[in-house]
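Peer 1: When you get a sec, could you give me coordinates for this:
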Amino acid sequence: MRQDRTALIEVEINPGRSNRARVNRSDLPRVRDLLGTVRTVLFSPEDLALVKGDPSDRRRFLDDHLLMQSVRQAGVKADYERTLRQRNTLLKTARGRQVDMSTLEVWDERLATLGGEITARRLLVLDEIAPHLEERHAGVAASAAETRRNVTASYVAKTGVAHADHPRDPEECRDLLLRSIEERRRDELDRGVSLVGPHRDDVELRIGELPAKGYASHGESWSLALALRLASFDHLRAPERGADDPILILDDVFAELDTGRRDHLASMAEHVEQVLVTAAVDGDVPPGLRGRRFRVADGKVLDD
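Peer 2: All right, here's what the predicted structure looks like:
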């Protein structure tokens, strides 16, 4: 249901074969054509990687959020990844050999143009999410010491420009990437890989004055991961981005949270239009979220 319109969405997962998707009983040419039809925010135990994991986990968080706002970003991301693969192939071929620089410069331009758009969009959405992140973390970590309630999220680009000073305009980002590529030219030729671009960037999360990764406790890491997902939800549900709530999916997370965090998440979820909750144990689901139930056992789904 979206803005008083109803759509029937069906997805068929086929191990070893292509998956299928239909909208209102009409087959889609590709499953990725579903993007933008249903907006969801998923919180799961794997989200601890947003704080403790590799930069790729935090980049994926931003890119997935952008896809919920603009289906076009899927095409930009796919074009960038194809360009990156082709450019890396050329750099590997050029290692220790004479290379036609004019050919490499064509790929430089393409990489910088697509990368500039991705970088600019990531920076803008991170700016917009930041107030929601601060508010949500203050609620989730209300019992923590005051110095451990404040959080920040800053974009760390391999161009060396700090988050606050980095341009948000795609053309300016493109020019900055081109300059950085030229500066790293010798290193890239020696190593046979692209060293500059959004595929190398990160998001630095800080609690108080210290980086969350490496310094946050297990409980603090959960608080920050939860605050990130809730901030993403708040940003997507803002009136200027569509009147309907995204679907909130809570995948077996209540067993991982202490009482305070469970209560905060359950209280927030009670006011969401549609919530899907999975749990291995009945008691893990807070009383306020008990709606229609399905049990899965021996490969069968039973409606309670």
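Peer 1: Tally up the residues packed near residue 54, please.
Peer 2: 11 (other Cβ atoms under 10 Å). C-betas here are computed from N, CA, C, even on glycine.
Peer 1: Just the pLDDT for it.
Peer 2: Looking at residue 54, its pLDDT stands at 96.
Peer 1: any idea how far the closest residue to residue 211 other than its chain neighbours is from residue 216?
Peer 2: Nearest residue to residue 211, sequence neighbours excluded (Cβ to Cβ, 6 or more residues apart in numbering): residue 204, at 6.2 Å. Noted for residue 204: a distance of 12 Å to residue 216, by Cβ to Cβ, to the nearest Å.
Peer 1: shouldn't residue 20 be in contact with residue 27?
Peer 2: Yes. At 6.9 Å, residue 20 counts as touching residue 27 under the criterion of Cβ atoms under 8 Å.
Peer 1: Those two: which is more packed in?
Peer 2: Taking other Cβ under 10 Å, residue 20 and residue 27 do not tie; residue 20 has more neighbours (14 against 10).
Peer 1: Relative to residue 28, how far out is the spatially closest residue to the more buried one that is not a sequence neighbour?
Peer 2: In this structure, residue 20 finds its nearest non-sequential neighbour in residue 12, 4.3 Å apart by Cβ to Cβ, 6+ apart. Separation of residue 12 from residue 28 (Cβ to Cβ): 11 Å.
Peer 1: Tell me who's in contact with the residue nearest to residue 211.
Peer 2: Residues near residue 204 by Cβ atoms under 8 Å, 6 or more residues apart in numbering: 153-156, 211.
Peer 1: Please identify which of these is nearest to residue 81.
Peer 2: residue 155 (19.5 Å; Cβ to Cβ).
Peer 1: For the stretch 151-300 of the chain, which segments count as helices?
Peer 2: With DSSP state H, counting those that start in this stretch, the ranges of helices along the stretch 151-300 of the chain come out as 170-183, 185-191, 218-237, 259-269.
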